[in-house]
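Participant: here is my input, please return the structure:
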Amino acid sequence: MDEQLEFYKCLYLWRRCDYLMGFKEFVDIRRTADQTWLEISSRGDVFDRKEIGAHGDGIYYKRGMRDQFMIFRNTCVLSEESLWNPSLESKSVLLAEYSNPGYCFLKYITGPVFSEDLYASNSDSQICFSSFKFINHCLKVISENVFSEGPVVVNVEERTTCALPVLGWPQVAKEWITRNRKQCWPTQETLDKVKRDGCHCVPVGQSQSPSRHLEWQLSFSVAECTLVHSMNHSLFKFYQILRILIHERVDNFDGCRGGVSSYMIKTLMFWMCEDKLPNLICAGNLRESIQECLTQLEDWIRKDCVPHYFIPERNIARNLRPLQKSRILERLLIIKGEVLRVLLGCLSFMEIDKVTSVVQLPPIDSLDISSNDLKTRCEFVFFKSIGEFSSILFPRALRVLGIFENTYTFESLSDLQSSFLKQMYYGVANAAGKIAFRIGQHLDSNKERYRVICLSEAFLKIGCSIDVTSGKLSLATLYFCLNRDRKCIIVTDAILREIQPFVVYLRTLPYLLNNSSRFRLYQDAIFKDSIPLCLKMRKGCMTDIEIIRSTSLWPAAIDLEMETYHPEIRVISVPALVYLYFLRFLCFERCCDNILTMEALSNLSVISYDDEHNDKSFLTYNIIGICHKKVKNFAKAVEMFAYGAKDATKYHWMFTTNPGLLQIGLVLNLTFREMRQKLSM
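Facilitator: Residues are numbered from 1 along each chain as shown. Have a look, this model is predicted:
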């Protein structure tokens, strides 16, 4: 393969993986949203729930069943007897006595006991907590349709591991904290966090041990998620590519199945990050980095030894049959020889392979994604956890909503958690409310439609909880679309009370002086010198109102403008002040309050000359023109639509359908119709 073409394909693959696997911001929000939801939903339970596995790592593309870690809050395992303290008196305290590398017995020390039939005596007649009896007890308690895989209880929906927290870092893993590392990974901050969070005991013994029914395994699943989260985005993306490559091109082949587990790949990634991989992986070193990892995996399989990342003395290699081992080594050798061809041959990357196989390749720059689209994708994360957009699971959605609304009542909520929740509320709730409104419009049952509209209102109210203008304007739009004009006006009044009256800076002051009526309207707001934005909006910045394409949550008066947007445009921004006074104008008009209608129109006219708050977009001009058309000020309406038509020409999809020109046509048609009616009379 030509080197330049191969590099291009690597570059295209590397960039395109952001679309498939999630951009950095998308991944960060997904991780935090999932974990925050778990923390909130488990408040008051006997368990502290954590996501582990692919879900806990934040992997979204090609991930399997959900893995949950259920940590007992009222139980504590001491890594050393000297760690006991009076604060543990209310808990069931066990002491870890280490046996095989990574395994231990749990001797009962003090505190409440589980069911007495879960304990057994060891060879020294000491009372120990039995892992075998405990896992069988879990199988009976959870459900009838479950089975165990080691320490994991599996049902049709998820995999659950019950775990006991260990107080203090275990002696057998002390070397991990202090060992020399060639790369600067993990950082000292990550090391401290892992040590602070500790490890856990899970109910499974070493398979070859005669006392395996009493043994518990030291689990570092939570620590492993912390390590994955600490990877920079390039390492995290590389980790996902490596998982897909090994699963599809090695483990799924006949004769190789089951030979290389996901846990072995994660362990490989940790060792490579620590010793061999560069801190920044890119398209230029992607092939070499994959070859380096496969060489290390090949060496481990050849020696039948895969050292555990935290406890190297523990071998996590599977007992491979000789033929299976030779087939895996053969596959690894083939992949190393043609990394890119094999990688693009994966089903997961089929879409990319089709694109890179054409004669004329697309430009790399076309792979950039707009910030608005990225933001919208982030907002959808939480809503997906409730149900598909086309069929919301109503009971679950309402339950989730109730938990989030009640979160503020917990005094134990840290400032960091509170800060994040407030940030998360706006984005996900605002998007969820808009989408719920769209779904409600397509339901046949009045009862279901009412429930979805209530859900939409509740989500949008959450979006207002951090005093974000766009969130409040979304709620005001909902009220307007539901013909609740009074509520819409109350919401917009609340926004106006929280901002300072804006002023207008005009560069065309001489032109204004020639128009006495307009001059009288603006004379209190005109300054000859430029006024900084910070002085105009002292109490807060008015963020744009964001309309999500195809949700139908916007005033019907701008349907024409919305329909002209290209289908790929998912978020449409409108200057907040323009949209705010537009809503007020429409509400007052529907209420037949002519005085307040004209007041809102006057404010819109002021904004049209304001260099700071009018973005001079076709949508802004068209909105103002629509208002003038409604009060039959046709000359001013045509002027605004003309400005809008001129601005719309910079969008390539509006060459054939320019909303400003269409609006001018509607105004002229309306004008001529009225003239004909007068002549006929």
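
Participant: and residue 295, that one's in a strand?
Facilitator: No - under the criterion used here (DSSP: H, G, I helix; E, B strand; the rest coil), residue 295 is helix, not part of a strand.

Participant: give me the pLDDT value at the nearest residue to it once chain neighbours are set aside.
Facilitator: Distances taken as Cβ to Cβ, 6 or more residues apart in numbering place residue 336 nearest to residue 295, at 7.0 Å, with adjacent residues excluded. Heads up, the C-betas are built off the backbone N, CA and C, glycines and all. pLDDT for residue 336: 93.

Participant: next up, phi/psi of residue 336, please.
Facilitator: phi -60, psi -30 (degrees, to the nearest 10).

Participant: send the alpha carbons of the helix or strand harbouring residue 623 over as PDB?
Facilitator: Per DSSP states H and E: residue 623 is located in helix 618-630. What follows is helix 618-630, C-alpha atoms only, in PDB (Å, rounded to 0.1, in the frame of the first residue of the first chain):
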ATOM      1  CA  PHE A 618     -31.500  36.100   8.700                       C
ATOM      2  CA  LEU A 619     -33.500  34.600  11.500                       C
ATOM      3  CA  THR A 620     -33.200  37.700  13.700                       C
ATOM      4  CA  TYR A 621     -34.300  40.000  10.800                       C
ATOM      5  CA  ASN A 622     -37.100  37.600   9.800                       C
ATOM      6  CA  ILE A 623     -38.500  37.400  13.400                       C
ATOM      7  CA  ILE A 624     -38.600  41.200  13.600                       C
ATOM      8  CA  GLY A 625     -40.200  41.300  10.100                       C
ATOM      9  CA  ILE A 626     -42.900  38.800  11.100                       C
ATOM     10  CA  CYS A 627     -43.900  41.000  14.000                       C
ATOM     11  CA  HIS A 628     -44.200  44.100  11.700                       C
ATOM     12  CA  LYS A 629     -46.200  42.000   9.300                       C
ATOM     13  CA  LYS A 630     -48.600  41.000  12.000                       C
END
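
Participant: next helix or strand past it?
Facilitator: Helix 618-630 is succeeded, C-terminally, by helix 634-648 (DSSP H and E).

Participant: give me the buried positions along that next one.
Facilitator: In terms of neighbour count (16 or more other Cβ atoms under 10 Å), helix 634-648 has its buried residues at 634, 636-645, 647-648.

Participant: now do it: distance to the chain's middle.
Facilitator: 40 Å (Cα atoms, centre = their mean, to the nearest Å).

Participant: quick one: residues in contact with that helix.
Facilitator: Taking contacts as Cβ atoms under 8 Å, 6 or more residues apart in numbering, the residues outside helix 634-648 that touch it are 564, 608, 616-622, 624-626, 628-629, 654, 658-661, 663-664, 667-668, 670-671.

Participant: surely residue 69 forms part of a helix?
Facilitator: No - with three-state DSSP as the criterion, residue 69 is located in strand rather than a helix.

Participant: how near is it to residue 336?
Facilitator: Remark: distance between residue 69 and residue 336 (Cβ to Cβ, to the nearest Å) = 35 Å.

Participant: these two: who's more crowded?
Facilitator: Under the neighbour definition other Cβ atoms under 10 Å, residue 69 and residue 336 were set side by side, and residue 69 has more, 24 against 17.

Participant: for that one, which residues are in contact?
Facilitator: Applying Cβ under 8 Å, 6+ apart, the residues contacting residue 69 are 49, 50, 51, 52, 56, 161, 163, 200, 221, 222.

Participant: 6 Å instead?
Facilitator: 50, 52, 161, 163, 221 (Cβ atoms under 6 Å, 6 or more residues apart in numbering).

Participant: what's the answer for residue 671, then?
Facilitator: For residue 671, the contacting residues are residue 634, by Cβ under 6 Å, 6+ apart.

Participant: any idea of the pLDDT on it?
Facilitator: 82.

Participant: would you say it is within a helix?
Facilitator: Yes - with three-state DSSP as the criterion, residue 671 is part of a helix.

Participant: next one: it relative to residue 605, how far apart?
Facilitator: Plainly put, residue 671 is 20 Å away from residue 605 if you go by Cβ to Cβ.

Participant: ditto for residue 201
Facilitator: Note on residue 201: its distance to residue 605, by Cβ to Cβ, is 71 Å.

Participant: skipping its backbone neighbours, what lies nearest residue 564 in space?
Facilitator: The shortest distance from residue 564 to any non-neighbouring residue, by Cβ to Cβ, 6+ apart, is to residue 659 (4.6 Å).

Participant: OK, contacts around the one you found?
Facilitator: Applying Cβ under 6 Å, 6+ apart to residue 659 gives the contacts 560, 561, 564, 622.

Participant: over to residue 275?
Facilitator: Residue 275 neighbours (Cβ under 6 Å, 6+ apart): residue 182.

Participant: mind checking pLDDT for it?
Facilitator: You'll see residue 275 listed with a pLDDT of 89.

Participant: and it, backbone torsions?
Facilitator: Dihedral angles (degrees, to the nearest 10) for residue 275: phi -120, psi -30.

Participant: likewise for residue 180?
Facilitator: phi -70, psi 140.

Participant: near it, how many other residues are there?
Facilitator: 6.

Participant: that one and residue 292: what is the separation?
Facilitator: 19 Å.

Participant: what about the helix or strand containing residue 10, average pLDDT?
Facilitator: Here residue 10, judged by DSSP H and E, is contained in helix 3-21. Per-region confidence: helix 3-21 scores 78 on mean pLDDT.

Participant: so which elements touch it?
Facilitator: With contacts taken as 3 or more Cβ pairs under 6 Å, 6 or more residues apart in numbering; DSSP states H and E, helix 3-21 sits against helix 350-356.

Participant: in the stretch 151-300 of the chain, which spans are strands?
Facilitator: Along the stretch 151-300 of the chain, the segments classed as strands by DSSP state E, counting those that start in this stretch run 152-154, 158-167, 200-202, 216-219.

Participant: mind listing the strands the longest one pairs with, and their directions?
Facilitator: So that's strand 158-167. When pairs are called by DSSP bridges, strand 158-167 turns out to pair with strand 66-72 (parallel), strand 75-78 (parallel), strand 152-154 (antiparallel), strand 200-202 (antiparallel).

Participant: and that strand, which residues are buried?
Facilitator: 159, 160, 161, 162, 163, 164, 165, 166, 167.

Participant: so what touches that strand?
Facilitator: 65-72, 75-79, 83, 138, 151-153, 198-202.
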